[in-house]
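model the following, please.
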Amino acid sequence: MIDIAKLRENPEAVKENMKKKFQHDRLHLVDKAIELDQKYRETLTKASELRALRNKLSKEIGQFMREGKKDLAELDKKKVNEMAQTLKDLELKEVELSPQLKEVMMKIPNFIDDSVPVGKDDSENVEIQKYGDPVVPEYEIPYHADIITKLSGLDKDASGRTSGNGFYYLMGDIARLSSAMLSYARDFMIDKGFTYCIPPFMIRSDVVTGVMSFEEMDAMMYKIEGEDLYLIGTSEHSMIGKFKDQIVKETDLPITLTSYSPCFRKEVGAHGIEERGIYRVHQFEKQEMVVLCKPEDAMEWYDKMWSYTVELFRSLDIPVRTLECCSGDLADLKVKSCDVEAWSPRQKKYFEVGSCSTLGDAQARRLGIRTKGDKGTYYVATLNNTVLASTRALIAFIENNYNEDGSIRIPKVLRPYMGGKEIIK
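Below you'll find the predicted structure:
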């Protein structure tokens, strides 16, 4: 949610930002917000003026009574009684207009950074840099589900019986490999100075709407029936929500956290759920990183964060590239975002394994997360980034460490987490 002062000062700039995101059908929201804001402020002003007059008259009544001027006191009492209903009506109007204005403001996207390329959708994202050589071996690499199944590591039939499409059983060395990668990612981030955290896996609706747009919420979140609780789609939701309505010490900034959680997603959209494999599923595990910092430090942390993911994947012998997300591919709250994509030697192309985003103070403004320093009280900036998402990282790992004989090589950094095992066969 943007600062409403910016909307008042330059509504055309807000509209221009929406045009860059190809949200022409939502431009009317700017005019609607201005109209509601004007009505709300006028109501506040009138109510404030009436309260001041009421207080003035109340003092006069006391003074008149002490002076024995009962007629004048009764006249003032009549005026106070007459304005009581008007004041009540104004207060009711305040209560009515405030949520209406907030709802509209929450639908207006955040300002994107000037460096973000303008494009309609993810097909117009821009490659930034490749890391590692994208090798295609001379031998064939089977589909990841076939590799894992041959190693007795995947059972989709059983998960179909228990849970339906979009779920899976991982078993044996493959299950251990998935856990090993997550443990390695956890320790990798701890070594970078991040504090490890395991958050709640369910959050209330006011936290959900604080961290994402309504459209994202509908497309991603599972709601618990009969409860004001949602299953998290990523631990970022809980981690940012941890600071809801708090004033953090400026001396504590930046706050750097790395969190583990299972993630639950509807995956509503054109892509659909993958029936055979584990690329797009309803449930997976993830190691995440979250940063709260001063707004002026956000871009520096943004560059650090995505570089950590690149470093992690390269240590697992997985070639990756970074991709700048264009304006039309940015969610409403994001200022700037990039994807980290891993090389698929089977498909001979890259695929997304993580995403890094800076959201300015949009989430903090929605959730009331502030800090206090020499400049006074202000909203913090929030950032998030995928360290490692279990299923997609597992696919990338298996394909890039697959041997011709059907075995999987374990890089040195991961062997301590695999009991010293050097190969899965």
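
how much space between residue 380 and residue 285?
Distance, residue 380 to residue 285, by CB to CB, to the nearest Å: 28 Å. In this view, the C-beta of every residue, glycine as well, is placed from N, C-alpha and C.

who has more neighbours out of the two?
residue 380 (27 against 18; other CB atoms under 10 Å).

and the more buried one, what pLDDT?
Residue 380 is assigned 98 on the pLDDT scale.

report the contact partners of it.
248, 253, 292-295, 361, 364, 369-371 (CB atoms under 8 Å, 6 or more residues apart in numbering).

kindly write the ChimeraX command that selects the buried subset of the residues you listed.
In ChimeraX, this line selects whichever of these come out buried by 16 or more other CB atoms under 10 Å:
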select :248,253,292,293,294,361,364,369,370,371
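
tell me how far stretch 323-337 lies from the chain's centre.
A distance of 12 Å separates the centroid of the chain from that of stretch 323-337, by CA atoms, centre = their mean, to the nearest Å.

same question for stretch 288-299.
13 Å.

in the stretch 301-425 of the chain, which ranges drop under the pLDDT threshold?
Within the stretch 301-425 of the chain, not a single segment meets pLDDT under 70.

give me phi/psi at residue 346?
phi -70, psi -50 (degrees, to the nearest 10).

no no, residue 110
The phi/psi pair for residue 110 (degrees, to the nearest 10) is phi -70, psi 160.

shaky segments in the chain?
If you take pLDDT under 70 as the line, the chain has these spans: 268-272.

mind doing that once more with 50?
Residues of the chain meeting the criterion pLDDT under 50: none.

please enumerate the strands of the stretch 101-250 of the chain.
126-131, 154-155, 169-170, 195-197, 202-203, 222-223, 230-231, 247-249 (DSSP state E, counting those that start in this stretch).

distance between stretch 216-231 and the chain's centre?
15 Å.

now that stretch: buried residues?
Here stretch 216-231 shows 216-217, 220-222, 229-231 as buried, counting by 16+ other CB under 10 Å.

ok, residues contacting it?
201-205, 208-209, 212, 233, 264-269, 331-332.

how does it look with 7 Å?
Outside stretch 216-231, the residues that touch it by CB atoms under 7 Å, 6 or more residues apart in numbering are 201-205, 208-209, 233, 264-266, 268-269, 331.

now the residues you listed: which count as buried?
The buried subset of the contacts of stretch 216-231 (16+ other CB under 10 Å) comprises 201-203, 208-209, 233, 264-265, 331.

for those residues, give me TSV that also has distance to residue 27.
Formatted as TSV, the buried ones among the contacts of stretch 216-231 follow (distance: CB to CB, whole Å):
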residue	distance to residue 27
201	38
202	36
203	32
208	26
209	22
233	29
264	34
265	30
331	18
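
so which of those sit within helices?
208-209 (DSSP state H).

how many other residues sit next to residue 106?
19.

list the contacts for the residue lying closest to it once chain neighbours are set aside?
Spatial nearest neighbour of residue 106, excluding adjacent residues (CB to CB, 6 or more residues apart in numbering): residue 1 at 5.4 Å. By CB under 7 Å, 6+ apart, the contact set of residue 1 is 105-106, 362, 365-366.

would you check which pair of the residues you listed lies furthest apart?
Pairwise distances across those (CB to CB) peak at 10.7 Å, for the pair 105 and 362.

who's more crowded, these two?
Neighbour count, other CB under 10 Å: between residue 105 and residue 362, residue 362 has more, with 26 against 20.

need phi/psi at the more buried one.
Dihedral angles for residue 362 - degrees, to the nearest 10 - are phi -60, psi -50.

what's the answer for the one 3 residues further on, then?
When read as degrees, to the nearest 10, the backbone of residue 365 gives phi -70, psi -40.

quick one: it from residue 105, how far?
Distance from residue 365 to residue 105, by CB to CB: 9 Å.

residue 213 too?
12 Å.

all strands of the stretch 251-400 of the chain, in order?
255-264, 283-293, 320-324, 336-344, 349-358, 370-373, 376-379, 381-389.

how about the CA coordinates for the longest one, as PDB?
Extracted in PDB, the C-alpha atoms of strand 283-293 (Å, rounded to 0.1, in the frame of the first residue of the first chain):
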ATOM      1  CA  GLN A 283       2.800 -28.900  -0.800                       C
ATOM      2  CA  PHE A 284       6.600 -28.500  -0.500                       C
ATOM      3  CA  GLU A 285       9.200 -27.300   2.000                       C
ATOM      4  CA  LYS A 286      11.300 -24.200   1.800                       C
ATOM      5  CA  GLN A 287      14.100 -22.300   3.400                       C
ATOM      6  CA  GLU A 288      13.400 -18.600   3.200                       C
ATOM      7  CA  MET A 289      15.200 -15.400   4.000                       C
ATOM      8  CA  VAL A 290      13.600 -12.200   5.200                       C
ATOM      9  CA  VAL A 291      15.100  -8.800   5.900                       C
ATOM     10  CA  LEU A 292      13.700  -5.700   7.600                       C
ATOM     11  CA  CYS A 293      15.900  -2.600   7.100                       C
END
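
tell me what that strand is packed against?
Here strand 283-293 touches helix 172-191, helix 235-241, strand 255-264, helix 298-315, strand 381-389, helix 390-400, going by 3 or more CB pairs under 7 Å, 6 or more residues apart in numbering; DSSP states H and E.
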